[in-house]
Structures are given as C-alpha cells and as structure tokens.
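# Below are the sequence and a predicted model for it; my questions follow.
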Amino acid sequence: MVGFGMTPLINVNSRQLLRGIIPVAIVIALLRVYFIKKPDKWLVPLPLINHQNIHSNLNCTAVVLGDPGSLKKAQWLAQNRDYRRKVKLTDEYYINATQDCGNFRLTRGYATQAFHEEMDFPLAYSIVAHHKVENFERLLRAIYVPQNVYCVHVDTKANATVAAAIANIASCFPNVFMVSQPVKVVYAGWTRVQADLNCMSDLLNVSTEWKYFINLCGQDFPMKTNLEMVRDLKALEGANSIHFNPIIKSQKWKVETTWAPVNGHIQSTGKAKGPAPFDLSVLKGSAYIVACRGYIHSVLTDSRIHELMEWCKGVYSPDEILWATSQQMPGVPGSMSATSHVYHANSIARLVLWIGQSKCHGHFVREVCVFAVADLPWILSHHHLFANKFDVESDSVAVFCLEEYLREKRLAEIESDGK
Ligand SMILES: *[C@@H]1O[C@H](CO)[C@@H](O)[C@H](O)[C@H]1NC(C)=O
Ligand SMILES: *[C@@H]1O[C@H](CO)[C@@H](O)[C@H](O)[C@H]1NC(C)=O
Ligand SMILES: *[C@@H]1O[C@H](CO)[C@@H](O)[C@H](O)[C@H]1NC(C)=O
Ligand SMILES: *[C@@H]1O[C@H](CO)[C@@H](O)[C@H](O)[C@H]1NC(C)=O
C-alpha cells in the first residue's frame, strides 16, 4: 500500500476518470497516514544489512534455545572464511556510510521511537572504545533509543582511522557525543576511571533528565531490550547495582603498594601504601556499574569521594576498587548503607564468564571468555543487563543471533503495546 502513489494515475487523460480517482486517492492517503502511525511500522533494529541471504541456514531462535543441530550449523558458519569476509564492516565502510547520516540511521535500522514508559526513564551511557569499530557500532545500535544520552570516550592513543570512524558515527545522532576531554587509557591505571569521570561530567551537563548511568566498553553487548532494562532499573528503587566483594588475600598486592604508569604500563613503585581514608575497608568489584543519577553527581562533587579517589590513584586497577569501596560511605546516593535491602553482590550490571567458572566455547583474553555463538544459551540463562566480551572478528554470529533475539523481543513488545 505504501508504494501506491498518485503520480502515475494523474496522467490518465480523462476528466471522468479523475473525478472517480481523486476521492479514492484521498482515502488511500488517509489510510497511509493511519498505518504509518501504527506500531507495525516502527523501526526496530534490523539484522545485518544485505546479508539475510547468507544467513538462510542459520536459525537463531533454535540457537538461543540450545538446539544441538542448529548450534553446530551456527558454529560452522561463524568460522567459515567466506562468510566472515562477506559480513565484515570495515572502518572505511563506516567513514563513508556516515557521510549521509539519514541514510546511515535508516539502513542500519536505528530505533526512532520508544514507549512512554521508556521516554519517562532515560538512561545515560559512558562507552569507552579504542578499537573494533564494528563491535562498537553494533553495540550502539542495540542500545540506541532517541531519549537516552550516550557519551563515547575514544582513547587519545587510538588509531586515527578508528577515531574518525567512531566520531563520524557519533555525529549522526543528536544524543550521541564524543567526550569533551579524552585521555590516554593505561590498562589497570587511573586513567581508565578518569575516562568514565569525564563522561559522567559531560552526561550531567548535557541532560537533566536521565535517571540511571551505565558504563560500557566496546566489547559489551546487551542481553535485554531498553524497555526491559528500564523495568529492571525501576525495580532497584533508586539503588545502585555495583558488584563487590571484600578484597581477598591473593589480591591484596593490588592495594598494598603504590602503582604508577611507566611508559604506558602500570608498575609498582615498591612504596608501601597506607590504609584507605575514613577507615573504609577496601572492596573489590566490577569496573562496570549501574548507578543512579544522584550517585554520579556525588562522585563528581562529594569531597569524601574525592579523598577516596586520591587514595585510589595509587592502586592497581582503581576502577575495580573505587566504585565498590565508595558504596560504604554513609549518605552516598544509592549506596548499600542507603538501600540495605538490595543484594549488592548480585549485581545486574555485567555478566562475565571468568576462567574456570563454566565452559567457554570461545577463547580467553586476560581470564575472561570472549564468547562464541555456542555460549548464547548460557548467557541468556542469566539476569544481567549486559554481557562481556564479544568480538565480531572472532565470532560475529554470536552478536548476530543476540541482535535477532533482541529484535524479536522488541517486536513482541510492540505487538503487545509494551504490556
Ligand atoms: C527455528 O527454530 C525454532 C525453534 O526450534 C522453530 O520453531 C522454527 O520453526 C525454526 N525456523 C525455521 C525457519 O526452521
Ligand atoms: C559510500 O556511501 C554511499 C551511501 O552513503 C554509497 O552509495 C557508496 O556506494 C559508498 N561507497 C563505497 C566505496 O562504499
Ligand atoms: C588502523 O586500524 C585499522 C584496523 O582497524 C587498520 O586497518 C589500519 O591500518 C590502522 N591505521 C593506522 C594508521 O595504524
Ligand atoms: C556545561 O558545559 C559548558 C561548556 O563546556 C560549560 O560552560 C557549563 O558550565 C557546563 N555546565 C554545567 C552545569 O556543568
């Protein structure tokens, strides 16, 4: 119906015919307006552009259910060289495709609408990426909705092509922006925290509306739709979800001497480190958090948290220490003292498969599983918002099937009108 226009009909050279056609055309035009407003015309994330034909042998529904035959086919496809070459999206593709932003948003299937429930509960994201542009873009596409705000931090040492591609992608959206002050991130060093702090500051600045903050890296991928996340976050009732544990004996070395970056690598200075301020017991948690707006505001303004930060600057991997340890301070918004009824150890922020925890069908990088498509049933049996790590260069079918899974869920939400 949408393709049925008036133009060819107007050429018919008969007044009588025209008299009959005009009312019909008006009815068609009205019907078109009506149907475009209907939810079935909503844009939802599409699978990979122009590649549907080569996925014909892949049944993602059966894959996520763990069907052995379908998993086998998916694993074969993921490792097929021809397939990998065909589906790869290069940095140059992104640099060119973002020259026409309208077309880019449309062909990549970015969401254009959301339910009121989501509109009333916007989220703020800090995304730190320094390579793997396709991974980053598919993540953004999976979490993109017009009412959220997204701050992207690209390391100052990132390759120029990567930086240009990511900046171009961001420039295609009014609510996606590059951090105002990028830093050079050193693994396990303070600058990893600084990158998030700079985004937090920009996010507070650009919008007074958002309710919760989520930080990500370019190799995370969502396990839930935006609507599901909004509902999970509302259920926290203002609490943060920050994973933590008391620091165990075998990891005490991280906080017992002072660490500092030397030639881009973090090294121990050998100097003993004093205790944390305010008699806080040092906790170790995830670098990836879900936190209420008030907490983010406190992180930037509370002088006690700043004192803790100064102390954290000399520990190994302060990103794993700062968020977790700050949770014990009385009066910190969303903290465990403020909301003792929330079981903080069971954080919803991030699912990670550590070595020795369960079978990893992909491979390990720094003791963390880089997922393969056969890990999807395990991943989706958990309750978290995001899982880490994915790498489209080692298994793009894993990401493809998650995209399909989320797209089906979004369609079901639209079908049921968000009920
Ligand atoms: C894919 O798998 C699901 C679940 O096993 C099944 O219901 C569906 O019919 C399959 N689709 C195709 C096209 O084979
Ligand atoms: C660049 O992008 C345009 C659409 O924006 C497309 O028509 C063209 O084929 C692309 N060129 C290359 C070399 O990819
Ligand atoms: C940047 O990285 C891309 C891969 O993402 C690579 O193809 C390219 O050669 C690199 N460019 C420079 C200047 O290092
Ligand atoms: C937001 O950023 C602008 C430009 O950098 C700055 O002038 C302004 O003071 C900031 N506002 C807040 C509330 O931080």
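Yes, it's here. Numbers count the residues shown, from 1 in each chain. Ligands and ions are numbered 1, 2, ... in the order given.

# Residues in a beta bridge with the residue nearest to Ala324 when sequence neighbours are not counted, which ones?
Nearest residue to Ala324, sequence neighbours excluded (C-beta to C-beta, 6 or more residues apart in numbering): Gly285, at 3.1 Å. Glycine gets a C-beta too; all of them are placed from N, C-alpha and C. Beta bridges link Gly285 to Phe244, judged by DSSP bridges.

# Nearest residue to Ala97 in space, please, no chain neighbours.
That would be Phe104: by C-beta to C-beta, 6+ apart, it lies 5.0 Å from Ala97.

# which SSE is the one you found in?
Secondary-structure assignment from DSSP states H and E places Phe104 in helix 101-107.

# Just the buried positions in the helix or strand following that helix, please.
From helix 101-107 onward toward the C-terminus, using DSSP H and E, the following helix or strand is helix 116-119. Neighbour counts over helix 116-119 (16 or more other C-beta atoms under 10 Å) mark Glu118 as buried.

# For burial, what's the neighbour tally of Gly238?
Residues near Gly238, counting by other C-beta atoms under 10 Å, number 17.

# Just want to check the distance between it and ligand 1.
From Gly238 over to ligand 1 the distance is 39 Å, taken as C-beta to the nearest ligand atom, to the nearest Å.

# Going forward, the N-terminal residue is numbered 6.
Sounds good: first residue 6 from here, last item Gly243.

# Was I right to think that residue contacts Arg298?
No. Using C-beta atoms under 8 Å, Gly243 makes no contact with Arg298, being 9.4 Å away.

# tell me, what's touching these two both at once?
When contacts are counted by C-beta atoms under 8 Å, 6 or more residues apart in numbering, the set common to Gly243 and Arg298 consists of Pro338.

# Can you tell me what sits against whichever helix or strand Asn210 is part of?
Using DSSP H and E, Asn210 falls within helix 196-211. Applying C-beta under 8 Å, 6+ apart, the contact partners of helix 196-211 are 129, 131, 133, 154, 156-158, 160, 182, 184-191, 215, 218, 220, 266, 292, 298, 301-302, 304-305, 314, 317, 322-324, 327.

# Would you mind checking the average pLDDT for that helix?
On average, the pLDDT along helix 196-211 is 97.

# where's the next helix or strand after it relative to the chain centroid, distance-wise?
Per DSSP H and E, the first helix or strand lying C-terminal to helix 196-211 is strand 217-222. Strand 217-222 sits 7 Å away from the centroid of its parent chain (C-alpha atoms, centre = their mean, to the nearest Å).

# Which secondary structure elements does the helix or strand just after strand 217-222 sit against?
Next in sequence after strand 217-222, counting helices and strands by DSSP H and E, comes strand 225-227. Helices and strands touching strand 225-227, by 3 or more C-beta pairs under 8 Å, 6 or more residues apart in numbering; DSSP states H and E, are helix 138-148, strand 391-393, helix 401-420.

# doesn't Lys278 make contact with Glu261?
Yes. With contacts counted by C-beta under 8 Å, Glu261 reaches Lys278, the gap being 5.9 Å.

# Residue numbers of the stretch 56-205 of the chain in contact with ligand 3?
Asp96, Asn164, Ala165, Thr166, Val167 (C-beta under 6 Å from any ligand atom).

# Tell me the pLDDT of the closest residue to ligand 3 within the chain.
Scanning the chain for proximity to ligand 3 using C-beta to the nearest ligand atom identifies Asn164 as nearest, at 3.5 Å. With respect to pLDDT, Asn164 has a value of 95.

# quick one: it from Ala83, how far?
26 Å (C-beta to C-beta, to the nearest Å).

# more neighbours, these two?
A count of neighbours by other C-beta under 10 Å puts Ala83 above the other of Asn164 and Ala83, at 22 against 14.

# Counting by contacts, list what the helix or strand that that one is a member of packs against.
Assigned by DSSP H and E, Ala83 belongs to helix 73-84. For helix 73-84, the packing partners by 3+ C-beta pairs under 8 Å, 6+ apart come out as helix 65-69, helix 401-420.

# Show me where the protein has its strands.
128-134, 154-159, 181-183, 217-222, 225-227, 249-251, 262-267, 270-277, 288-290, 295-297, 355-357, 368-370, 373-375, 391-393 (DSSP state E).
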